[in-house]
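In: show me the folded form of this:
(chains A and B)
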There are 2 protein chains.
Amino acid sequence: MTKKTRARLYIDCPLAKGGQASLSKDQAHYLRNVMRFELDELVTVFNGRDGEWLGRIAELGKRAGLVILQSQARKQQQEPDIWLLFAPIKKARNDFIVEKATELGVSSLWPVTTQRTQSGRINKDRMITQTVEAAEQCERLTLPEVHDGAVLQKALEDWPADRPLFILDETGDGQEPAKAFPKYAGKPAAILIGPEGGFDPNELEMIKAQPTAISISLGRRILRAETAVVAALSCWQSLCGDWR
Amino acid sequence: MTKKTRARLYIDCPLAKGGQASLSKDQAHYLRNVMRFELDELVTVFNGRDGEWLGRIAELGKRAGLVILQSQARKQQQEPDIWLLFAPIKKARNDFIVEKATELGVSSLWPVTTQRTQSGRINKDRMITQTVEAAEQCERLTLPEVHDGAVLQKALEDWPADRPLFILDETGDGQEPAKAFPKYAGKPAAILIGPEGGFDPNELEMIKAQPTAISISLGRRILRAETAVVAALSCWQSLCGDWR
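Out: Sure, this is the predicted structure:
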């Protein structure tokens, strides 16, 4: 960003010079009561498609507010096409997966139920809120797409032939990421992380039988699910994604 | 591990066939009341130097217990020599750094105070407890060494000439990890992560002036400190460490 403002907000409306963007009740509260914004202060906004904009606070009430868009700070850019399929885990660690995956540039989040999935209901709204907060904070230009929960087997049906599915294989049989990932640099990809306790052996066979499946191994130490998410995405970004 | 037991404990005493290892009060409580171990059940123990052992619970009281060592399950192995220097951050996220760095095989943890460090006192005992728990859980054969807190400038004095210091440079001027790391594969290394809000510009100049300093950049998105820790360590392990 060329110019730093004190807040950066996702607003789902068209962004163009001279246009207006309405603040939600929560955003107005945040700017007014938490950040103590005053009228005419600049704020940064993005909508996932029109780049990043500087806007002037024209109205700021308790329940609403208005931003007048002044200038584009960054153009919209192509971002890596990397999906994360993950078995939801307990609340705090699940929050963590969503936050970190967003920071690490994931394009789609797919919560998938595996045979050993321990967590209960998938709270999609909560996940979306977390992606918004993380995207605002990390200066992404997009939000990751959050999908409805699905049974893993269902999610793998009709899998796109051009999208390698990297499976975190805790049995240690997988390839080294530094050898496997670079073969697919610049292409769409997906990473699948199993539940705490790993995949059921039959399930792992079923996944590996996918034509696009590639097993990956992250060393001898047993990583928690959320660590494996960050580790695998980081390796992918450094070898195939936009950290190159 | 060839044989899975229901618990894995760090015990700081020599481990050898037929030898005895005493359980601490907390360990006895954990095995007896939390895990409901019975006499003669096997438990896994390690001490950071004699490999991993299977032991039989010979005594298990409310405040103490005794393990008789039966057989070595894994030999001690050389682990990567990778230090992490990090500016302590707020409690939960600091806990996270310590846990994840342990899982990711860090050999030494150095809490360093930078000019913009926001956190207060460094609680070394808490950090040690967390490394023990994480090492037990992730099946490491060692604990990372936890150092006393130090001012960054002090920590960089007399820096070893054979240990590259990879600096996470948020200004975006750093090298790509996939290009910078492999040059130092198999060698000792250190990764330095700044505080939330980044290094002070003068401080960053001082760090970069170190003869062994190498700036690294993890893409355009702004990573939180704890994300950057996991990301940088994961890239290093995959390109230079024991994930190869």
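In: I figured A:Met206 was touching A:Val151, is that so?
Out: No - look at A:Met206 against A:Val151 with Cβ atoms under 8 Å: they stay out of range, at 11.7 Å. Backbone N, C-alpha and C define where each C-beta goes, glycine included.
In: higher neighbour count, those two?
Out: A:Met206 (16 against 13; other Cβ atoms under 10 Å in any protein chain shown).
In: against A:Gly174, how distant is the more buried one?
Out: 16 Å (Cβ to Cβ, to the nearest Å).
In: now the residue most central in space within chain A: which helix or strand?
Out: Residue closest to the mean C-alpha point of chain A, counted by Cα atoms, centre = their mean, is A:Thr102 at 2.9 Å. Element membership for A:Thr102, per DSSP states H and E: helix A:91-103.
In: which SSE is immediately downstream of that helix?
Out: strand A:108-113.
In: relative orientation of the next helix or strand after that next one and strand A:108-113 in degrees?
Out: Counting by DSSP H and E, the next helix or strand C-terminal to strand A:108-113 is helix A:124-138. If you take axes from the mean of the first three to the mean of the last three Cα atoms, to 10 degrees, helix A:124-138 sits at 140 degrees to strand A:108-113.
In: what packs against the helix or strand following helix A:124-138?
Out: Following helix A:124-138 in sequence order, the next helix or strand is strand A:145-146 (DSSP H and E). For strand A:145-146, the packing partners by 3 or more Cβ pairs under 8 Å, 6 or more residues apart in numbering or on different chains; DSSP states H and E come out as strand A:108-113, helix A:124-138.
In: closest to A:Leu192 out of the ones you listed?
Out: strand A:108-113 (7.6 Å; Cβ to Cβ).
In: near chain B at all, that closest one?
Out: No - using Cβ under 8 Å from any Cβ of the partner chain, strand A:108-113 stays clear of chain B, with a minimum separation of 15.7 Å.
In: could you chop chain A up by domain?
Out: With domains defined by automatic domain parsing, chain A comprises A:8-74, A:82-239.
In: who are the contact partners of A:Ser22?
Out: For A:Ser22, the contacting residues are A:Ile11, A:Cys13, A:Ala64, A:Gly65, A:Leu66, A:Val67, by Cβ atoms under 8 Å, 6 or more residues apart in numbering or on different chains.
In: next one: it from chain B, what distance?
Out: For A:Ser22, the distance to chain B (Cβ to the nearest Cβ, to the nearest Å) stands at 26 Å.
In: and the next helix or strand past the helix or strand encompassing that residue?
Out: When elements are assigned from DSSP H and E, A:Ser22 belongs to strand A:20-23. Scanning forward in sequence from strand A:20-23 by DSSP H and E, the next helix or strand is helix A:25-29.
In: show me what counts as buried in that next one.
Out: A:Gln27, A:Ala28, A:His29 (16 or more other Cβ atoms under 10 Å in any protein chain shown).
In: which one of these is nearest to chain B?
Out: A:Gln27 (19.9 Å; Cβ to the nearest Cβ).
In: just checking, that closest one touches A:Arg63?
Out: No - in this structure, A:Gln27 is not within contact of A:Arg63 by Cβ under 8 Å, at 10.4 Å.
In: hmm, back to that, specify the angle between the helix holding A:Thr102 and helix A:124-138 in degrees.
Out: Using the same axes, to 10 degrees: helix A:91-103 against helix A:124-138 is 50 degrees.
In: quick one: A:Phe86 from B:Glu79, how far?
Out: 28 Å.
In: which one's more surrounded, those two?
Out: Shown here are A:Phe86 and B:Glu79; by other Cβ under 10 Å, A:Phe86 has more neighbours (26 against 18).
In: may I have the residues that are in contact with the more buried one?
Out: Taking Cβ under 8 Å, 6+ apart as the test, what A:Phe86 contacts is A:Ile97, A:Ala101, A:Leu109, A:Trp110, A:Pro111, A:Val112, A:Leu192, A:Ile193, A:Ala225, A:Val229.
In: bridged to it, which residues?
Out: For A:Phe86, the beta-bridge partners are A:Pro111, A:Ile193 (DSSP bridges).
In: what's the answer for A:Arg74, then?
Out: Bridge pairing for A:Arg74 - DSSP bridges - gives A:Glu52.
In: wait, it touches A:Gly51, no?
Out: Yes - at 5.3 Å, A:Arg74 counts as touching A:Gly51 under the criterion of Cβ under 8 Å.
In: between the two, which contacts overlap?
Out: With Cβ under 8 Å, 6+ apart, A:Arg74 and A:Gly51 have common neighbours A:Leu141.
In: can you name the residues of chain A that neighbour chain B?
Out: Residues of chain A lying near chain B (Cβ under 8 Å from any Cβ): A:96, A:100, A:103-105, A:137-140, A:176-178, A:217-224, A:227, A:230-232, A:234-235, A:237-239, A:241-244.
In: returning to what we had before: return the most buried member of the helices and strands packed on strand A:145-146.
Out: strand A:108-113 (a mean of 20; mean count of other Cβ atoms under 10 Å in any protein chain shown).
In: and the angle for the one helix or strand A:Val45 maps to with helix A:124-138?
Out: For A:Val45, the host element (DSSP H and E) is strand A:42-46. Orientation check (the same axes, to 10 degrees): strand A:42-46 against helix A:124-138 gives 130 degrees.
In: distance between strand A:42-46 and the chain's centre?
Out: 20 Å (Cα atoms, centre = their mean, to the nearest Å).
In: what pairs with it, parallel or antiparallel?
Out: For strand A:42-46, pairing defined by DSSP bridges yields strand A:8-10 (parallel), strand A:52-60 (antiparallel).
In: tell me the mean pLDDT over the first one?
Out: Model confidence over strand A:8-10, given as mean pLDDT, is 98.
In: okay then, goodbye and thanks.
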